[in-house]
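Q: Quick one: sequence plus predicted model below, questions after.
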Amino acid sequence: MNDVAANIEKINTRIQRACQKSGRNPDNVRLIAVSKVKPAELIEEAYHAGQKLFGESYVQEFRDKSPRVSAPVEWHFIGGLQSNKVKYLRGKVAMIHSVDRLSLAEEINRQWGKIDATVAITLQVNVGDELTKSGCAPDELEALVKAVAQLPHIKICGLMCLPPHCDDPEQVRPFFRQLRELAGQIEQLQLPNVEMKELSMGMSGDFEVAIEEGATLVRVGTAIFGARSKRP
Ligand SMILES: *Cc1c(COP(=O)(O)O)cnc(C)c1O
């Protein structure tokens, strides 16, 4: 078996184990293979090994690469997003994870409106409170949710975070927990057009801890495709 297929199998086994450990149903945890900087051929290879969801972070790269992937993969956009580039994602991605401001949501709504469709999003929250990372501040989340919920071509389905990297995944656990608690608070508001069923959190180094804290979408790149040397 080649590397990518073997790696996917290993990750899925680890996901299953993390679910067992935390008493969760593995059907409620989906693996997103983060394929940024990796060629279309590797994506096809992963698809044929059973992987269906792929995450990309750079619009330009996605634009160039996605037409070269003929397998019917489900694309998720997970990276920082400028409003003027949303048009290149229109109709092509199933979910945008990185929505952290109303102006961006409005542009997504406008673009999906053009094709009379709706796109699922998660709102990115800056739980690590790092100045360099994007995401809306936790205390601004409720206002953002209420505003974005008004947009007819967007379906809010949960929250996403990208906490600071730590060598010890236990140090990231409080951030995952905080995201879950925020989702619980939003859920209690019972707002129309708002679901909190997805928690997009956990990467190669910490996805098991994220699952223990409730992750439903884990975004794993390096552990599937190997180290990334460059940004395209
Ligand atoms: C690159 C990236 C990942 C994957 O990171 P790995 O450590 O390679 O698993 C996950 N989420 C986001 C938002 C990313 O940009």
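A: That came through fine.

Q: and the chain, which of its residues are near the ligand?
A: Along the chain, the residues adjacent to the ligand under the rule C-beta under 6 Å from any ligand atom are 34, 36, 57, 78-79, 162, 203-205, 219-223. (Each C-beta comes from the backbone N, C-alpha and C, glycine too.)

Q: Hmm, which of those is lowest in pLDDT?
A: Within these, Leu162 has the lowest pLDDT, namely 93.

Q: tally of neighbours for it?
A: For Leu162, the neighbour count with other C-beta atoms under 10 Å is 24.

Q: quick one: it is in a helix?
A: No - with DSSP: H, G, I helix; E, B strand; the rest coil as the criterion, Leu162 is located in coil rather than a helix.

Q: what helices or strands is the longest helix anywhere in the chain leaning on?
A: Longest helix of the chain, by residue count under DSSP state H: helix 3-22. Other helices and strands packing on helix 3-22, by 3 or more C-beta pairs under 8 Å, 6 or more residues apart in numbering; DSSP states H and E, are strand 30-34, helix 40-48, helix 207-212, helix 222-225.

Q: one step back: in a markdown table: the residues of the chain next to the ligand, plus distance to Glu142.
A: Supplementary listing: the residues of the chain next to the ligand in a markdown table, determined by distance: C-beta to C-beta, whole Å:
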| residue | distance to Glu142 |
| --- | --- |
| Val34 | 29 |
| Lys36 | 31 |
| Ser57 | 27 |
| Ile78 | 23 |
| Gly79 | 25 |
| Leu162 | 20 |
| Met203 | 26 |
| Ser204 | 31 |
| Gly205 | 30 |
| Arg219 | 25 |
| Val220 | 30 |
| Gly221 | 31 |
| Thr222 | 34 |
| Ala223 | 34 |
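
Q: Selecting buried members of these in PyMOL, what would you type?
A: Restricted to the buried members of the residues of the chain next to the ligand, where burial is judged by 16 or more other C-beta atoms under 10 Å, the PyMOL selection command reads as follows:
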select buried, resi 34+36+57+78+79+162+203+204+205+219+220+221+223
